[in-house]
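**Q** Prediction below, plus the sequence it came from.
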Amino acid sequence: MLSKYDLVCFDMDGTLTRVRSTWKWIHECLGTSNEEGYKAFINQEITEREFMRSDIGTWKKVKPDLCVKDLIGIFQKVPLINGIQETVASLQEAGMKCVIVSGGIDIAAKMIKNEFGFDDFISDALEIDDDGKLTGEGVDIVDLADKSPWVRKFIEKYNTTPERTVSIGNSFTDIPMFKNSALSIAFNPTDPYTSDAATHTVVSDTISDVLDYILPSDIA
C-alpha cells in the first residue's frame, strides 16, 4: 500500500533536539544568559532580528572571536531525541521527503540534515565574515510567527499538496505549519495550544513513535 503522504516537515528545536532552543544551547555551553532579550522579544518590544543581535552580542562578550568551528563543536554535543535515523529512513523508504523547518540555527540544522539524511532544511542563520567569525548579526529567514510560507515552498518544490503533507512540532510557533498540512503531530508539546491545533499528540522519548500515525499499517 502506498503512503497517503509525500512530504514530512519537522521542527528542529525541541522536536529533533532535546533542548528547547539551539540559540539557548549556545548560552548554556558558554555560561551566558539573555533572559532580558527573550522577555523583550516575547513582549514584542524588540524584533526577531534585534533578539538575534542581543543573543550573539551576549556570546561575543565572553568569546569575542566566536567562529563557525566553535559552533560546530558546540552543536556536536547538543542532545538529540532518539529515533531520528529510523524515522527518516522509514519515511523515505515509503516515498516521502523529509525536511526541517526551524527558527533555530542553520549550522545545527545542516549538521542534523547531513547526519540523518533529511532531504532539505531551512532555518535562521548567523552572519559570518570571511574569516569564519560571527559578525554579531543574525539572518532571520524563518519567521517564528509564521512558518507556513516555508511549508508551502517545500510543497511546491516536491510537487505535492497540503493534503499530502505532514508537519511535526512541539510549540505554538509550529501551529501555522499544522494549518498547511493534512496531518499534524504535536510531539512532546510545550503548551496546550499546540496539542489542540494538532491532529495527534505524541509524548515519547523517541520520535519514531510518530510513524504509527503516518505510515500505512502494513508498512509501520
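**A** Received, thanks.

**Q** Identify, by residue count, the longest helix of the chain.
**A** Ordering each helix of the chain by length in residues (DSSP state H) puts helix 48-62 first.

**Q** In terms of secondary structure, what does the following helix or strand past it contact?
**A** Once helix 48-62 ends, the next helix or strand along the chain (criterion: DSSP states H and E) is helix 68-75. On a contact count with 3 or more CB pairs under 8 Å, 6 or more residues apart in numbering; DSSP states H and E, helix 68-75 meets helix 22-30, helix 106-116. Quick note: C-beta positions are derived from backbone N, CA and C, even for glycine.

**Q** Run through the residues that contact residue 217.
**A** Taking CB atoms under 8 Å, 6 or more residues apart in numbering as the contact definition, residue 217 lies against nothing.

**Q** try residue 166
**A** Neighbours of residue 166 in contact, by CB under 8 Å, 6+ apart: 5, 7-9, 96, 181-185, 214.

**Q** same thing with residue 57?
**A** residue 136.

**Q** which secondary element of the protein has the worst mean pLDDT?
**A** Lowest mean confidence among the helices and strands of the chain (mean pLDDT, DSSP states H and E): helix 35-42, at a mean of 90.

**Q** Next one: the spatially closest residue to residue 3 that is not a sequence neighbour relative to residue 168, how far apart?
**A** Of all residues not flanking residue 3 in the chain, residue 94 sits nearest, at 4.5 Å (CB to CB, 6 or more residues apart in numbering). Computed as CB to CB, to the nearest Å, the residue 94 to residue 168 distance reads 15 Å.

**Q** Looking at the two now, which is surrounded by more residues?
**A** Neighbours were counted for residue 94 and for residue 168 using other CB atoms under 10 Å; residue 168 has more, 29 against 20.

**Q** Quick one: end-to-end distance for stretch 30-40.
**A** End-to-end distance of stretch 30-40 (CA to CA, to the nearest Å): 22 Å.

**Q** residues of that stretch that come out buried?
**A** Residues of stretch 30-40 classed as buried by neighbour count (16 or more other CB atoms under 10 Å): 30, 32, 34, 37-38, 40.

**Q** Now do it: everything it contacts.
**A** 26-27, 46, 51, 54-55, 58-59, 61-63.

**Q** Please name the residues that touch residue 69.
**A** Applying CB under 8 Å, 6+ apart, one finds that residue 69 lies in contact with residue 132.

**Q** Am I right that residue 121 is in a helix?
**A** No - counting by DSSP: H, G, I helix; E, B strand; the rest coil, residue 121 falls outside a helix, being strand.

**Q** For burial, what's the neighbour tally of residue 180?
**A** With other CB under 10 Å as criterion, residue 180 counts 19.

**Q** Domain-wise, how is this protein divided?
**A** Annotated domains of the chain cover 7-18+80-214, 24-75 [automatic domain parsing].

**Q** Most tightly packed of those?
**A** Compared across those, domain 7-18+80-214 shows the largest average neighbour count, a mean of 19 (mean count of other CB atoms under 10 Å).

**Q** pLDDT score for residue 216?
**A** Model confidence at residue 216, expressed as pLDDT, equals 76.
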